[in-house]
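**Q** Using only what follows, build the 3D model:
(2 chains)
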Amino acid sequence: NAGVMQNPRHLVRRRGQEARLRCSPMKGHSHVYWYRQLPEEGLKFMVYLQKENIIDESGMPKERFSAEFPKEGPSILRIQQVVRGDSAAYFCASSRRSGTGDGYTFGSGTRLTVV
Amino acid sequence: DQQVKQNSPSLSVQEGRISILNCDYTNSMFDYFLWYKKYPAEGPTFLISISSIKDKNEDGRFTVFLNKSAKHLSLHIVPSQPGDSAVYFCAATGGGGADGLTFGKGTHLIIQP
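**A** So this is what the prediction gives:
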């Protein structure tokens, strides 16, 4: 029973390029959460999705960032026209239901470096 | 505006002794608190949680204490083992805002032999 799979593990992009981060939740989990961890910081909530719906995107920057969780396939976090400040570790978590965090399983993260 | 604060970036404890990690919060609407453990290059893993209606929760070597009046919680690990060396994050939810968790910046626990 595979856990939450994130790919790629490492991603290098030049300023102005697009970054696509993928997250496949655990089997049976229909809730997906994206978090960002900047250097020396804690994880910060970005967006919460269920299949085909964005439930809460209050933590996501208004511009350049978007997320989706289609009916088929992984959840995608997309960052357009990346800047150096986007360099961070991006973690995805999934759960069977919403609510308290102890039902979350985190992936190993994607480390984005913008050069 | 940090709503969950872990003021000790690192903590060094001798193997076999008690490790105490502290966390303070400012949002009185938080109603559920969690501790996560994180190894380098891995995602956080859930350790233990506590509801705001309780003041203590114990699971093996791990105990979490909650002091609502002081808006403070702590994680006790006893006895500390080498495998406990990791970054520990305090998190909270139910703050009336986002559906996600609000994390502190973490405390790097180092267990010395």
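
**Q** Give me the neighbour count for the residue nearest to A:Met5 when sequence neighbours are not counted.
**A** Excluding its sequence neighbours, the residue lying closest to A:Met5 (CB to CB, 6 or more residues apart in numbering or on different chains) is A:Ser24, at 4.3 Å. C-beta: built from backbone N, CA, C; applies to glycine. Around A:Ser24 there are 19 other residues, counting by other CB atoms under 10 Å in any protein chain shown.

**Q** Identify the residue spatially nearest to the spatially most central residue of chain A, adjacent ones excluded.
**A** Nearest residue to the geometric centre of chain A (CA atoms, centre = their mean): A:Trp34, 3.6 Å. Nearest non-adjacent residue to A:Trp34, counting by CB to CB, 6+ apart: A:Met46, 4.4 Å away.

**Q** before we move on, the earlier item: my read: the residue nearest to A:Met5 touches A:Gly3, true?
**A** No. In this structure, A:Ser24 is not within contact of A:Gly3 by CB atoms under 8 Å, at 9.5 Å.

**Q** now the strands: where do they sit in the chain?
**A** As the question left the chain open, I've gone with chain A. A:5-7, A:10-13, A:19-24, A:31-37, A:43-50, A:53-56, A:65-68, A:75-79, A:88-95, A:105-106, A:110-114 (DSSP state E).

**Q** That was the other one, I meant chain B.
**A** B:4-5, B:10-14, B:19-25, B:32-38, B:45-51, B:56-59, B:62-67, B:72-77, B:86-93, B:102-103, B:107-112.

**Q** which strands and helices sit next to the first one?
**A** Okay, so that is strand B:4-5. strand B:19-25, strand B:86-93 (3 or more CB pairs under 8 Å, 6 or more residues apart in numbering or on different chains; DSSP states H and E).

**Q** ok, and what's touching it?
**A** Residues outside strand B:4-5 that contact it (CB atoms under 8 Å, 6 or more residues apart in numbering or on different chains) are A:Gly42, B:Cys23, B:Asp24, B:Tyr25, B:Thr26, B:Cys90, B:Ala91, B:Ala92, B:Thr102, B:Phe103, B:Gly104, B:Lys105.

**Q** quick check: mean pLDDT across it?
**A** The average pLDDT for strand B:4-5 rounds to 96.

**Q** And the third one, by the same measure?
**A** Within the predicted structure, the mean pLDDT of strand B:19-25 is 98.
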